[in-house]
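**Student:** Structure here, sequence nowhere to be found:
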């Protein structure tokens, strides 16, 4: 919970999605898929801008997988 | 679990929803959406005032995402 | 897991439900709602007396939200 | 994960079910109920003897609630 | 996460299933049951050889209960 | 969360799947199965290349089991 491990490959993969403004699909633990661009992440959350230009504060605990779109 | 990390962007995003009395939609791990205004948060919980003026003590472990409404 | 953080607002909210013998509804991660009065809590559990005067030892890990009833 | 917190009320409640050979119902996170007598517990698990005299090693992470039967 | 607590009764129960090549049924958090013999365990995983002689690397986080078969 | 425990058998099993470019099936906590080859892992995630040559960043928290394919 403490420090944010920015040298983990998984964290860096997300950082590169953020930097590249890469559209992604995020599969959630409730079985739903959400789509958009990741704006930022911290230890517990990431912020997704969806196609309706709404910001979703997504909990990492709810993530199943993330996939680059298209 | 120990100290509350108020300098995390995710935590600060919620703090700004609290300060602005922003109506939000909260997606839960049971697939349901609840709506209202967040009154406060701590490490484990947040308190939501719904439209029937009922206070819900919501566990962060059950959160999928939070979205500003409207 | 270690010490019980009694100064967290969420913990104190439950303490006040206990003190006031406030009937509550508890939404669980299996989607079910249970009702009763909370008798005590610790770090991992809370004890609920339901309307059939049965004591349920409820794991906090299974909580979605708690709401005062009526 | 480290030491087993035997002075927690929740842990002691289970200890008294064990000592009294109290039949219990255990609600699981998959929505199923299992029944039997608890033989022992540790930090992560409890051991349940069901009515077919089979021993189930149950993970505490899967618990929703425990209720004395009858 | 750190050291593997081999003196926990739950861990030792699994160790005895391994030593005895005891066929077991494992109930998973997705509601499915898998069957086989446990080959080894560590802190996070156990390895199950099913009846088709396939090895499954099973995450302990997904366990509900384990039962000796037959 | 801190250091990556590369000497755990479960971690090493995945490392050998990576080294051998072994096709695997991964059962997820949402009940779905995904297939592909694992490219790398860290503490929290693994990266799966599926048959459409798409990279999935999969959270270990969502894993139920992994099985070598075919």
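**Tutor:** Structure received. Bear in mind that the values here come from a model prediction, so they are computed numbers and not experimental data.
**Student:** so what secondary structure elements neighbour whichever helix or strand residue A:36 is part of?
**Tutor:** Assigned by DSSP states H and E, residue A:36 belongs to strand A:33-41. With contacts defined as 3 or more C-beta pairs under 8 Å, 6 or more residues apart in numbering or on different chains; DSSP states H and E, strand A:33-41 has these neighbours: helix A:9-19, strand A:23-28, strand A:45-49, strand A:55-59. Any C-beta I mention is one placed from the backbone N, CA and C, and that applies to glycine too.
**Student:** what comes up buried for that strand?
**Tutor:** Buried residues in strand A:33-41, counted by 16 or more other C-beta atoms under 10 Å in any protein chain shown: A:34, A:36-38, A:41.
**Student:** I'd like to know which of the helices and strands packed on strand A:33-41 lies nearest to chain E.
**Tutor:** Closest to chain E of the helices and strands packed on strand A:33-41, according to C-beta to the nearest C-beta: strand A:23-28, at 14.8 Å.
**Student:** Could you spell out the sheet neighbours of that closest one, each with its direction?
**Tutor:** strand A:33-41 (antiparallel), strand A:63-68 (antiparallel) (DSSP bridges).
**Student:** what distance separates the last one from the centre of its chain?
**Tutor:** If you compare the mean C-alpha spot of strand A:63-68 with that of the full chain, they lie 8 Å apart, counting by C-alpha atoms, centre = their mean, to the nearest Å.
**Student:** Could I get the average pLDDT for that strand?
**Tutor:** Averaging pLDDT along strand A:63-68 gives 98.
**Student:** what does stretch A:35-46 give?
**Tutor:** Averaging pLDDT along stretch A:35-46 gives 97.
**Student:** What is the neighbour count of the closest residue to chain E within chain A?
**Tutor:** As assessed by C-beta to the nearest C-beta, chain E sits closest to residue A:29 within chain A, at 10.9 Å. Residue A:29 is flanked by 19 other residues according to other C-beta atoms under 10 Å in any protein chain shown.
**Student:** Quick check: phi and psi at the residue nearest to it when sequence neighbours are not counted.
**Tutor:** Among residues not flanking residue A:29 along the chain, residue A:62 sits closest, at 4.8 Å (C-beta to C-beta, 6 or more residues apart in numbering or on different chains). Dihedral angles of residue A:62 (phi, psi; degrees, to the nearest 10) stand at phi -100, psi 0.
**Student:** Residue A:62 is in contact with residue A:26, isn't it?
**Tutor:** No - using C-beta atoms under 8 Å, residue A:62 is not in contact with residue A:26; the gap is 9.0 Å.
**Student:** Point me to the residue of chain A nearest chain F.
**Tutor:** Closest point on chain A to chain F, by C-beta to the nearest C-beta, is residue A:10, at 3.3 Å.
**Student:** That residue: what's it in contact with?
**Tutor:** F:42, F:44-45, F:47, F:57 (C-beta atoms under 8 Å, 6 or more residues apart in numbering or on different chains).
**Student:** what's the spacing between residue A:24 and residue B:64?
**Tutor:** As judged by C-beta to C-beta, to the nearest Å, residue A:24 and residue B:64 stand 16 Å apart.
**Student:** Compare those two (neighbour count), which wins?
**Tutor:** Shown here are residue A:24 and residue B:64; by other C-beta under 10 Å, residue B:64 has more neighbours (23 against 20).
**Student:** I'd say that one and residue A:57 touch.
**Tutor:** No - counting by C-beta under 8 Å, residue B:64 stays clear of residue A:57, with 10.0 Å between them.
**Student:** Read off the pLDDT value for the residue in chain A that chain D sits nearest to.
**Tutor:** Relative to chain D, the nearest point of chain A is residue A:29 (12.6 Å; C-beta to the nearest C-beta). At residue A:29, the pLDDT value in this model is 98.
**Student:** Check residue A:3 too.
**Tutor:** Note on residue A:3: pLDDT of 62.
**Student:** What number of residues are in the vicinity of residue A:14?
**Tutor:** The tally of other residues near residue A:14 (other C-beta under 10 Å) stands at 21.
**Student:** If you could redo that for residue A:20, that was the one I meant.
**Tutor:** When neighbours are counted by other C-beta under 10 Å, residue A:20 registers 11.
**Student:** go on, residue A:59?
**Tutor:** 21.
**Student:** residues contacting it?
**Tutor:** Taking C-beta under 8 Å, 6+ apart, we find residue A:59 in contact with A:44-45, B:60, B:63-65.
**Student:** Could you do residue A:16 as well?
**Tutor:** Going by C-beta under 8 Å, 6+ apart, residue A:16 touches residue A:22.
**Student:** separation between it and residue A:38?
**Tutor:** For residue A:16 relative to residue A:38 (C-beta to C-beta), the value is 10 Å.
**Student:** Now the residue of chain A closest to chain E: phi and psi?
**Tutor:** Dihedral angles (degrees, to the nearest 10) for residue A:29: phi -70, psi -10.
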